[in-house]
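Quick one: sequence and predicted model below, then my questions.
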Protein chains: 2
Amino acid sequence: MTYCVAMSLAEGLVFVSDSRTNAGVDHIATFRKLHVFGVPGERLLVLQSAGNLATSQSVISLLRQRLNGEGPHLHNVASLFAAALLLGETLRETLAREGKSDLTQGVDLSCSFLIGGQIQGAPPELYNIYPQGNFIASTEDTPYFQIGESKYGKPIIDRSLTYQTQLEQALRCALISFDSTIRSNLSVGMPLDVLVYRADSLMLPSGFRVEESDSYFETIRRQWGTGLRELLGDLPAPPGDYWN
Amino acid sequence: MTYCVAMSLAEGLVFVSDSRTNAGVDHIATFRKLHVFGVPGERLLVLQSAGNLATSQSVISLLRQRLNGEGPHLHNVASLFAAALLLGETLRETLAREGKSDLTQGVDLSCSFLIGGQIQGAPPELYNIYPQGNFIASTEDTPYFQIGESKYGKPIIDRSLTYQTQLEQALRCALISFDSTIRSNLSVGMPLDVLVYRADSLMLPSGFRVEESDSYFETIRRQWGTGLRELLGDLPAPPGDYWN
């Protein structure tokens, strides 16, 4: 499995992906699932993928190869919407090629993507590309998307994130969401790829890889675990009715 | 869907179930999923169910009808292990009857159960009955089981519960686990059925129904939400690397 989260907030964008891939518990590997495209000063596009790795790698490879071609590509499309369309189309192209084979043997070739970023002249945007290639955009009401193993890490986001949440707090929220997921599910694992983008900066952050030994991540996961147990202990005692 | 959790700890047992059933979002109803059997002073057995409601109701009905019969039943079996065997067998009997019909039309008739309790002369035990009718017992290493929509509420339990956790803290942990699930998933809903059993008491608690308006539950869900956001804000700021 995989877990990726992306947030589109007033201050900018936050992306975090894990890097574990597995085809059964005895085929575990590390692959990057966060990919950066863009032109400094003009556009940034961040892609995250979940699902079949052969499919998602093929899609990313095609998108990269075509950056120097004639047709529409991620560095020349006029809008994030057009980039989402192109990504969905490239996904369909890959699935049409791979799915034709008689050799698929029931293997699920599908995958899903998140694509977020900003193109000069428009505000930052974030899209969730379904396995069918169609997509939805985030809004102020629903300012985040998850793909992959999303359930374990959803409650902390639902409880603490709004469109107005500051980037720093949103990043902490995303990291805790990953810690919760990693503790409860073996198919999501370190290292994590993190990228934070400040709205209108039009910079191309390279992103940061959070390794298992990262001292900041270690500090917050420990502090969070301790704090949570204290918070639970500080709740008032259940009244007598509860012991009937 | 459904969410049920049961914990078997040094001090005793904690059971919490939601009561929402749904066959599509436009067929939502309230059904109790926590069922108490037993003989005061001699035995307590608590059953929780998730999955197809027709199947689980039939299993519970058969188990209740047979309490006055000749054969083995929940009030005369010699051990919790034998009770789990009987429950698994009754589940297979129901599925054999219902699954024979040509009318199942691909509907999933399966369901799973938790059964926990104590029979005089043995310590409390907890079993997880799979849809196939076989089962596993909880241990000190893994002192809890969940059935149904389990992922949202798993991180808080994994972070805070051990076999030595006191009943009061375990109950708070279970209630917060439900709150997390209810906030993030529409298919799990109030009211909740709660039952706490003190080891060796051999009492038959009637259990308590936590309604939407319950002031204690309202207090802890609010205090938890606020505390969590404060805890997140108190974490140290991400270092410069994270903003690359």
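Received it, and whenever you're ready, just let me know what you need.

Please state the offset of stretch A:177-193 from the chain centre?
Relative to the centre of its chain, stretch A:177-193 is centred 13 Å away, using Cα atoms, centre = their mean, to the nearest Å.

what's the first-to-last distance across it?
One end of stretch A:177-193 sits 14 Å from the other (Cα to Cα, to the nearest Å).

and what of stretch A:233-244?
Distance between the two ends of stretch A:233-244: 22 Å, counting by Cα to Cα.

got the buried residues for it?
For stretch A:233-244, the neighbour count (16 or more other Cβ atoms under 10 Å in any protein chain shown) marks A:235, A:238, A:242, A:243 as buried. All C-beta spots, glycine's among them, are computed from the backbone N, C-alpha and C.

do stretch A:58-71 as well
By neighbour count with 16+ other Cβ under 10 Å, stretch A:58-71 contains the buried residues A:58, A:59, A:60, A:63, A:66.

In a markdown table, list these along with secondary structure, pLDDT and distance to residue A:180.
Conversion of the buried residues of stretch A:58-71 to a markdown table gives the following (DSSP: H, G, I helix; E, B strand; the rest coil; pLDDT from 0 to 100; distance: Cβ to Cβ, whole Å):
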| residue | secondary structure | pLDDT | distance to residue A:180 |
| --- | --- | --- | --- |
| A:58 | helix | 96 | 31 |
| A:59 | helix | 97 | 29 |
| A:60 | helix | 97 | 28 |
| A:63 | helix | 98 | 31 |
| A:66 | helix | 97 | 38 |
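
Next, format the residues you listed as CSV and append distance to residue A:137.
Formatted as CSV, the buried residues of stretch A:58-71 follow (distance: Cβ to Cβ, whole Å):
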residue, distance to residue A:137
A:58, 25
A:59, 19
A:60, 21
A:63, 19
A:66, 23
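
Which of the residues you listed sits closest to chain B?
When the buried residues of stretch A:58-71 are compared for distance to chain B (Cβ to the nearest Cβ), residue A:60 wins out at 20.8 Å.

so residue A:122 makes contact with residue A:81?
No: using Cβ atoms under 8 Å, residue A:122 is not in contact with residue A:81, being 9.1 Å away.

who's more crowded, those two?
Neighbour totals were compared for residue A:122 and residue A:81, and residue A:81 leads with 15 against 12 (other Cβ atoms under 10 Å in any protein chain shown).

what packs against the strand or helix carrying the more buried one?
Here residue A:81 sits within helix A:80-99, counting by DSSP states H and E. Applying 3 or more Cβ pairs under 8 Å, 6 or more residues apart in numbering or on different chains; DSSP states H and E, one finds that helix A:80-99 contacts strand A:43-51, helix A:53-65, strand A:111-119, strand A:125-129, strand A:135-137.

again, only this time at 7 Å
If you count contacts as 3 or more Cβ pairs under 7 Å, 6 or more residues apart in numbering or on different chains; DSSP states H and E, helix A:80-99 packs onto helix A:53-65, strand A:111-119, strand A:125-129.

Keep only the buried residues of stretch A:58-71 that also lie close to chain B.
The subset of these within reach of chain B, by Cβ under 7 Å from any Cβ of the partner chain, is empty.

Spatially, which two of these are the most separated?
Maximum pairwise distance in the buried residues of stretch A:58-71, criterion Cβ to Cβ, is 12.5 Å, between A:58 and A:66.

low-scoring stretches of chain A, by residue?
Nowhere does chain A drop to pLDDT under 70.

Where do the helices of it begin and end?
Counting by DSSP state H, chain A has helices at residues A:53-65, A:80-99, A:154-160, A:167-184, A:215-234.

can you tell which of those is closest to residue B:71?
helix A:167-184 (41.1 Å).

How far off centre is the closest one?
On Cα atoms, centre = their mean, the centre of helix A:167-184 falls 12 Å from the chain's centre.

Mind giving me the packing neighbours of it?
strand A:3-9, strand A:12-17, helix A:154-160, strand A:192-198, helix A:215-234, helix B:154-160, helix B:215-234.

CSV for those, including distance to residue B:50?
Listed next are the helices and strands packed on helix A:167-184 as CSV, based on distance: least, Cβ to Cβ, whole Å:
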stretch, distance to residue B:50
strand A:3-9, 24
strand A:12-17, 32
helix A:154-160, 19
strand A:192-198, 33
helix A:215-234, 25
helix B:154-160, 15
helix B:215-234, 21
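
and of these, who's closest to residue B:144?
Closest to residue B:144 of the helices and strands packed on helix A:167-184 is helix B:154-160 (Cβ to Cβ; 6.0 Å).

Next one: the closest one, is it in contact with chain A?
Yes: contact of helix B:154-160 with chain A (Cβ under 7 Å from any Cβ) involves B:154, B:155, B:158, B:159, B:160.

so which of the buried residues of stretch A:233-244 are also by chain B?
A:235, A:238, A:242, A:243.

Excluding chain neighbours, what is closest to the second one?
Translated: residue A:238. Of all residues not flanking residue A:238 in the chain, residue B:171 sits nearest, at 5.4 Å (Cβ to Cβ, 6 or more residues apart in numbering or on different chains).

for residue A:31, same thing?
Sequence neighbours aside, residue A:21 is the residue nearest to residue A:31 in space, at 4.9 Å (criterion: Cβ to Cβ, 6+ apart).

how near is the one you found to chain B?
Residue A:21 is 20 Å from chain B, where distance means Cβ to the nearest Cβ, to the nearest Å.

Burial check on that residue, number of neighbours?
Applying other Cβ under 10 Å, we find 19 residues neighbouring residue A:21.

Now that it has come up, it's in contact with residue A:33, right?
No: in this structure residue A:21 lies outside contact range of residue A:33 using Cβ atoms under 7 Å: 8.2 Å.

Just list the residues touching residue A:79, thanks.
By Cβ atoms under 7 Å, 6 or more residues apart in numbering or on different chains, the contact set of residue A:79 is A:119, A:122.

distance between stretch A:76-93 and the chain's centre?
With Cα atoms, centre = their mean, you get 17 Å for stretch A:76-93.

likewise stretch A:98-110?
Averaged C-alpha coordinates place stretch A:98-110 at 25 Å from its chain's average position (Cα atoms, centre = their mean).

What residues of it count as buried?
A:98, A:109, A:110.

what does that stretch contact?
With Cβ under 7 Å, 6+ apart as the test, stretch A:98-110 has contacts from A:51, A:52, A:55, A:95, A:131.

One more: stretch A:146-155?
A:1-5, A:48, A:50, A:112, A:114, A:177-178, A:180-181, A:184-185, A:187-188, B:151-152, B:154-155, B:180, B:183-184.
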